[in-house]
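*Asks:* A predicted structure for the sequence below; I have some questions about it.
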Amino acid sequence: MEKKKSLMYGFVDECTSPVGGNYADSIGEVIVGRRPLCINDCAYCWATEIKENHPEWQKYRGHYRLEASALKEYPDEAFVFLQDMGDIGDPLIPIEVIKSIFGYIASHPKVTYLLLTKCPEFYLRHVEDLKRLPNIIYGVTIETNRFITSKISKAPPPSWRFSAMKRLRHMTRDPRILVSVEPVMEFDMDSFEASIVELKPWKVACGFDNHPGNHPDVKLPEPKLEKVLELIRRLEARGIDVHRKTLREAKE
């Protein structure tokens with residue numbers, strides 16, 4: 001089997017995306033002349049627009065559906081990023097698709113699966129099913145503790161994401177939580193640190209925008225590199241494992 005490495009996380013062995021289709025086609029609208037892949041429609045996402053001339057992207061045209069061929073067999077102890085394209089927490093994804101994915105995860109108990117969403121209410125909607133899946137990592141992307149404008153992302157506000165993950169921690173027993181602070185945006189040091197620590201994360205991934213040249217009309221409010229390094233230092237001092245991503249000087 002050809003190995004497909006995740007470009008997002010060095011600790012991931014392989015990645016796959018069993019949900020085909022996209023948000024724009026599923027909702028039946030073209031949004032501002034574009035076809036966003038998922039409900040969050042983030043300006044910084046390199047996959048925001050479906051590339052009509054790329055054969056790989058045929059999978060992401062049309063309504064959300066299950067791509068059963070992506071539910072692959074992996075060796076025991078493999079670490080798989082499940083649904084690395086789009087957001088598995090998108091509420092438009094049909095429930096039967098989600099149930100099929102949960103069944104697949106349950107049938108491979110020795111493989112660890114990372115889920116990642118900016119819509120963590122997804123975890124709360126399916127918490128009873130997820131409790132029966134000890135081989136998952138509950139991933140959430142939270143780029144800052146400040147408000148993010150809809151021009152940058154239409155994802156739920158960071159405060160909502162933190163709230164949902166706190167509820168998840170209380171509703172499940174020792175969930176392994178990944179907090180992805182990427183792309184990191186300007187934040188309030190003490191409160192952001194405290195909110196992350198409160199989640200008792202298994203791991204934090206932190207880094208700047210990987211593709212700043214892809215969105216020339218939208219400038220992200222980036223913090224200084226020294227501030228990001230200080231956040232990492234503080235989290236590590238608390239015993240939290242931090243996976244360093246792109247660390248560079250902020251764009252002026």
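*Replies:* Great, that's in hand.

*Asks:* Tell me how far the worst-scoring helix or strand of the chain on mean pLDDT lies from the chain's centre.
*Replies:* Lowest on mean pLDDT, DSSP states H and E among the helices and strands of the chain sits helix 23-27, with a mean of 89. For helix 23-27, the separation from the chain centroid amounts to 19 Å (computed by Cα atoms, centre = their mean, to the nearest Å).

*Asks:* and the helix or strand that comes right after it, what other elements does it pack with?
*Replies:* Downstream of helix 23-27, the first helix or strand assigned by DSSP states H and E is strand 65-66. Strand 65-66 sits against strand 19-20, helix 95-106, with contacts defined as 3 or more Cβ pairs under 8 Å, 6 or more residues apart in numbering; DSSP states H and E. From N, CA and C alone the C-beta is placed, and that goes for glycine too.

*Asks:* Assign residue 81 to helix, strand or coil.
*Replies:* What DSSP: H, G, I helix; E, B strand; the rest coil gives for residue 81 is strand.

*Asks:* Kindly report the same for residue 232.
*Replies:* helix.

*Asks:* Can you get me a residue count around it?
*Replies:* Neighbour count of residue 232, defined by other Cβ atoms under 10 Å: 20.

*Asks:* Check residue 112 too.
*Replies:* Neighbours of residue 112 under the rule other Cβ under 10 Å: 20.

*Asks:* so which of the helices and strands packed on strand 65-66 is the most packed in?
*Replies:* Of all those, strand 19-20 carries the top mean neighbour count, a mean of 24, counting by mean count of other Cβ atoms under 10 Å.

*Asks:* That one pairs with which strands?
*Replies:* strand 65-66 (antiparallel) (DSSP bridges).

*Asks:* Can you tell me the closest non-neighbouring residue to residue 35?
*Replies:* Nearest residue to residue 35 in three dimensions, chain neighbours excluded: residue 24, at 4.1 Å (Cβ to Cβ, 6 or more residues apart in numbering).

*Asks:* Verify the stated contact: that neighbour with residue 38.
*Replies:* No - shown here, residue 24 and residue 38 do not form a contact pair, counting by Cβ atoms under 8 Å, at 9.3 Å.

*Asks:* more neighbours, the two?
*Replies:* Set residue 24 next to residue 38 and count neighbours by other Cβ under 10 Å: residue 38 wins out with 30 against 20.

*Asks:* if I read this right, that one contacts residue 88, doesn't it?
*Replies:* No - look at residue 38 against residue 88 with Cβ under 8 Å: they stay out of range, at 9.2 Å.

*Asks:* coming back round to it: out of the helices and strands packed on strand 65-66, flag the one nearest residue 65.
*Replies:* Residue 65 lies closest to strand 19-20 among the helices and strands packed on strand 65-66, at 5.1 Å (Cβ to Cβ).

*Asks:* which other residues reach the closest one?
*Replies:* 59-60, 62, 64-67, 83, 86, 88, 93, 97, 101 (Cβ atoms under 8 Å, 6 or more residues apart in numbering).

*Asks:* Please indicate which of the residues you listed are buried?
*Replies:* Buried members of the contacts of strand 19-20, scored by 16 or more other Cβ atoms under 10 Å, are 59, 60, 64, 65, 66, 83, 86, 88, 93, 97, 101.

*Asks:* Kindly reformat those as CSV containing pLDDT.
*Replies:* CSV is the format used below for the buried ones among the contacts of strand 19-20 (pLDDT from 0 to 100):
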residue, pLDDT
59, 89
60, 89
64, 96
65, 97
66, 98
83, 95
86, 91
88, 97
93, 97
97, 98
101, 98
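
*Asks:* what two of these are the furthest from one another?
*Replies:* Largest separation among the buried ones among the contacts of strand 19-20 by Cβ to Cβ: 60 and 101, giving 16.4 Å.

*Asks:* from the contacts of strand 19-20, which is closest to residue 156?
*Replies:* Taking Cβ to Cβ as the measure, residue 156 lies nearest residue 88 of these, at 14.6 Å.
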